[in-house]
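# next comes the sequence, and after it the predicted model I'd like to discuss.
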Protein chains: 2
Amino acid sequence: MIRSMNKFEKAQTVLNEIDAEGWLIVCVEDSDINSRFMIGVTSHARHYIYIGADGKHKVIAVEMEAPMIARSLKDKGVNADVVSYNSMLELTTLLIPLVNKPRIALNFGNEILSPEGTAFADQIRVGDFFSMKTLAPQTEFISAAPIIERLRSVKSSEELKDLRNVCKATLELLEKFPDWVKVGMTEKEVKAKLEYEYMKVGRPSFPAIVATGAHSADPHHNTSSKKIEPGVLLVDTGLQIDEMCSDITWTFWVRDKPVQEFITAYDALFESKEIAHNFFTDGTPNNLPAKKCRKYLADKGYDHEKLFFHGYGHSLGFEAHDIGGRINWNMPDNIKLKENMVYTSEPGLYWTDKWGIRLEDDVIIGKDKCEKVTYNSKDPMII
Amino acid sequence: MIRSMNKFEKAQTVLNEIDAEGWLIVCVEDSDINSRFMIGVTSHARHYIYIGADGKHKVIAVEMEAPMIARSLKDKGVNADVVSYNSMLELTTLLIPLVNKPRIALNFGNEILSPEGTAFADQIRVGDFFSMKTLAPQTEFISAAPIIERLRSVKSSEELKDLRNVCKATLELLEKFPDWVKVGMTEKEVKAKLEYEYMKVGRPSFPAIVATGAHSADPHHNTSSKKIEPGVLLVDTGLQIDEMCSDITWTFWVRDKPVQEFITAYDALFESKEIAHNFFTDGTPNNLPAKKCRKYLADKGYDHEKLFFHGYGHSLGFEAHDIGGRINWNMPDNIKLKENMVYTSEPGLYWTDKWGIRLEDDVIIGKDKCEKVTYNSKDPMII
């Protein structure tokens, strides 16, 4: 059996295509996503990961982290030279030969304020960028966007398997939600208990949003010390196990029978989402699922421009907001979905100071039809 | 009673001193520390915070977050205009008048690879920096380092009060540790339970390091699924309540009587820390406490260069690694401690593949003597 390429080997392939000698990931203090993705372990100090087109990879880390990084790379079958530095002088001495080459890729983006831009690659900070220019004035530094895109945009079959598993694990925990959530618990207590369960098997892929009553009208509500009250309870949460992340929103009704207005809006959102899923297919412009959803909501009498004031979905995978164009009705036509990309599908309707509903699923883009890897209840769940 | 200045007013004072019209905080996706610090709420989308020297402050955020940010600023008594954007075109239209002024401060650092540099201010990404240059080609962009330093380096009496409180709350939870930690629990389970307690009152200030046996020899060990075994158990953890963070390491012995080698090393580290604290005073070079600690360890026969391969301490407060020079024996003499700065004090001794010990306290720098706001047990605690 031929083993599949590891991430370093995949990056090498792209480096050779774009005619660059190496890709340097510069990380300050904590690991950024691309660092964790490549070395498989979180560093808490300044470190540099160099992927050579010639297969001569190097990691420069502080002395107290170098052994841990070396072990992680060995476990992944990556052959890399891990060296440590004790002072800024030692660090620059190690960096100079590494970056003094004709073309080196760095994690910066171009055309940041354009939807066609490569903001997803923009990780390196200004001071660090100019320090590289100082250490290697002759080097042509190019954006690593093509490498990052190739590595993280379309998911492999192993990655999709991990995605299905993490989604399943999240749903199992969410199913138990009505058994233990009670009126009078604070939003924070609910978040804490849910994430405690996550931490036993992985970690939260982002801090959970637990929003009671009027808080549910803020899509990015910061979970607070307010007590859960009867009425709407919105929970937007995700789990990460190893690499893959889930991101799910369920909107519950707490105590008694939901008001008719809630049921009607819930039903409309649920149906609008199902309609959108028909367009989660290879080659479809990213704007189309969102347009179809909004058309349905408008037909049902909802002023969607006023009540649904966020995008329809975002790329998901190695982080809760992974790289790739959003699904949104105002995206340009030339940005298109591809098979085995993963997206959230999350229409919402919000009435400020009253309540909001959002139903969010995770979906794998398919050739002719998509695969939903999470679900929302067809009828509102009562707690 | 005269009310104390809020953060926007403090920043205005510095802006006027450095003759800049405004300070623009540029944030992509999630809030960075300076964004959270200023607006008091976490954003999950691209946003811009403009602090005007003339008191005309502005926040540009996505529509779904603008109301939440406006409420948070109002609660803090900050008068700022919060506006929303729906497209990149709307965003650039809003940004152009904001940054087309003679001098604007941005969060970038200079001389990143020098201990005297301002890496602490380096937050803005390369693509974002150049997009600002494109929108305002005539503007002189300067580093916001002097503003950030003034706002976050030396802590106010209210901030120190909050620090004492968060340290007290952390210690109370750590004291209970021996009641529930058992051989056979995984490191992850121990972390999850501890952080569950944190989340009820705040949040972890960083992911806890729980390291059993040989894992304790990696100072930045990534908490794993390994089961707690008899012997050394190192826990490095911190809590954040509102703004202030704690950061504490306790090293336990699990089951039976510790081996003599452990007791001897623990005692030496404890004493070396107490000696260093005599030099946690205003005007002392940052290197001095570390030198005194290492001298003591050397006198006790420990090869400190080999066994204690990390810095002595770091600034603490608004984040677990706050801004300010490290305490380390190789720091230049001209970097000095100041009254009401807060530092960790964390000597360690590590034997690779065997075990390590680290004892970490949090300390407020005083005029003539420091104030320890946490403690470690004088004798090893047994679980």
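Yep, that arrived. Numbers count the residues shown, from 1 in each chain, chains lettered A, B, ... in the order given.

# now do the domain split for chain A, please.
According to automatic domain parsing, chain A is divided into the following domains: A:7-152, A:157-382.

# break down the stretch 151-300 of chain A into its helices, ranges please.
Along the stretch 151-300 of chain A, counting by DSSP state H, counting those that start in this stretch, helices occupy A:157-175, A:177-180, A:187-201, A:260-277, A:287-299.

# I'd like to know which elements the third one is packed against.
I take that to be helix A:187-201. Helix A:187-201 is packed against helix A:157-175, strand A:209-212, strand A:231-237, strand A:239-241, helix B:187-201, with contacts defined by 3 or more C-beta pairs under 8 Å, 6 or more residues apart in numbering or on different chains; DSSP states H and E. C-beta here means a position set from N, CA and C on the backbone, and glycine is covered the same way.

# pull the distance from it to the chain's centre.
20 Å (C-alpha atoms, centre = their mean, to the nearest Å).

# what sits up against that helix?
Applying C-beta atoms under 8 Å, 6 or more residues apart in numbering or on different chains, the contact partners of helix A:187-201 are A:169, A:173, A:177, A:180-181, A:204, A:207-208, A:210-212, A:215, A:223-228, A:235, A:237, A:239, A:241, B:188-189, B:191-193, B:195-196, B:199-201.

# let me have the helices of the stretch 151-300 of chain A in CSV, extended by mean pLDDT.
Listed next are these as CSV, based on pLDDT from 0 to 100:
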stretch, mean pLDDT
helix A:157-175, 97
helix A:177-180, 94
helix A:187-201, 94
helix A:260-277, 98
helix A:287-299, 98
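
# mind putting these into JSON lines with mean neighbour count?
Below are the helices of the stretch 151-300 of chain A laid out as JSON lines (neighbours: other C-beta atoms under 10 Å in any protein chain shown):
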{"stretch": "helix A:157-175", "mean neighbour count": "17"}
{"stretch": "helix A:177-180", "mean neighbour count": "12"}
{"stretch": "helix A:187-201", "mean neighbour count": "21"}
{"stretch": "helix A:260-277", "mean neighbour count": "18"}
{"stretch": "helix A:287-299", "mean neighbour count": "20"}
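
# any chance of these in JSON lines, plus distance to B:Val363?
Formatted as JSON lines, those follow (distance: least, C-beta to C-beta, whole Å):
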{"stretch": "helix A:157-175", "distance to B:Val363": "40"}
{"stretch": "helix A:177-180", "distance to B:Val363": "41"}
{"stretch": "helix A:187-201", "distance to B:Val363": "29"}
{"stretch": "helix A:260-277", "distance to B:Val363": "53"}
{"stretch": "helix A:287-299", "distance to B:Val363": "53"}
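
# ok, back up a step: okay, the domains of chain A in TSV with distance to B:Gly356 next?
Output for these, formatted as TSV (distance: least, C-beta to C-beta, whole Å):
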stretch	distance to B:Gly356
domain A:7-152	10
domain A:157-382	24
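
# and those domains: which comes nearest B:Arg164?
domain A:157-382 (21.0 Å; C-beta to C-beta).

# straight-line length of the closest one, end to end?
For domain A:157-382, the first-to-last residue distance is 36 Å (C-alpha to C-alpha, to the nearest Å).

# chain center to it, what's the gap?
Distance, stretch centre to chain centre, for domain A:157-382: 13 Å (C-alpha atoms, centre = their mean).

# and stretch A:17-25, by the same measure?
In this view, stretch A:17-25 has its centroid 25 Å away from the chain centroid, taken as C-alpha atoms, centre = their mean.

# need the contact partners of that stretch.
Contacts to stretch A:17-25, defined as C-beta under 8 Å, 6+ apart, come from residues A:11, A:15, A:32, A:34-35, A:38, A:48-54, A:98-99, A:101-107, A:123, A:132, A:142, A:144, A:146-147.

# just the buried residues of those residues.
A:11, A:15, A:32, A:34-35, A:38, A:48-53, A:98-99, A:101, A:104-107, A:123, A:132, A:142, A:144, A:146-147 (16 or more other C-beta atoms under 10 Å in any protein chain shown).

# and those, which of them are in strands?
A:48-52, A:104-106, A:142 (DSSP state E).

# check the contacts of stretch A:17-25 one by one and keep those near chain B.
A:106, A:123 (C-beta under 8 Å from any C-beta of the partner chain).

# nearest to B:Leu297, of the helices of the stretch 151-300 of chain A?
helix A:187-201 (35.5 Å).

# next, the angle from that closest one to strand A:231-237.
On the basis of axes from the mean of the first three to the mean of the last three C-alpha atoms, to 10 degrees, helix A:187-201 is oriented at 30 degrees to strand A:231-237.

# CA atoms only for helix A:187-201, dumped as PDB, please.
What follows is helix A:187-201, C-alpha atoms only, in PDB (Å, rounded to 0.1, in the frame of the first residue of the first chain):
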ATOM      1  CA  GLU A 187     -25.300  31.000  30.600                       C
ATOM      2  CA  LYS A 188     -21.800  30.600  31.800                       C
ATOM      3  CA  GLU A 189     -22.600  27.500  33.900                       C
ATOM      4  CA  VAL A 190     -24.300  25.900  30.800                       C
ATOM      5  CA  LYS A 191     -21.200  26.700  28.700                       C
ATOM      6  CA  ALA A 192     -18.900  25.400  31.400                       C
ATOM      7  CA  LYS A 193     -20.700  22.100  31.700                       C
ATOM      8  CA  LEU A 194     -20.900  21.500  28.000                       C
ATOM      9  CA  GLU A 195     -17.200  22.400  27.400                       C
ATOM     10  CA  TYR A 196     -16.200  20.200  30.400                       C
ATOM     11  CA  GLU A 197     -17.600  17.300  28.400                       C
ATOM     12  CA  TYR A 198     -15.700  18.500  25.300                       C
ATOM     13  CA  MET A 199     -12.400  18.700  27.200                       C
ATOM     14  CA  LYS A 200     -12.500  15.100  28.200                       C
ATOM     15  CA  VAL A 201     -12.300  14.100  24.600                       C
END
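
# so which residues on the stretch 251-383 of chain A come close to chain B?
A:309-310, A:321, A:330, A:350, A:352.

# change it to 6 Å
Contact residues (C-beta under 6 Å from any C-beta of the partner chain) of the stretch 251-383 of chain A with chain B: A:309-310, A:321.

# residue ranges with poor pLDDT in chain A?
Scanning chain A for pLDDT under 70 picks out A:1-3.

# does the residue nearest to A:Glu187 when sequence neighbours are not counted have beta-bridge partners, and which?
Once flanking residues are discounted, A:Glu187 sits nearest to A:Val210: 4.2 Å by C-beta to C-beta, 6 or more residues apart in numbering or on different chains. Counting by DSSP bridges, A:Val210 is bridged to A:Val235.

# what helix or strand does A:Val26 sit in?
Element membership for A:Val26, per DSSP states H and E: strand A:22-27.

# render the CA-only coordinates of that strand in PDB, please.
The C-alpha trace of strand A:22-27 is given here as PDB (Å, rounded to 0.1, in the frame of the first residue of the first chain):
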ATOM      1  CA  GLY A  22      11.100  27.200   1.100                       C
ATOM      2  CA  TRP A  23       8.100  28.100   3.200                       C
ATOM      3  CA  LEU A  24       8.800  29.800   6.500                       C
ATOM      4  CA  ILE A  25       6.100  29.900   9.200                       C
ATOM      5  CA  VAL A  26       6.900  32.600  11.700                       C
ATOM      6  CA  CYS A  27       5.100  32.300  15.100                       C
END
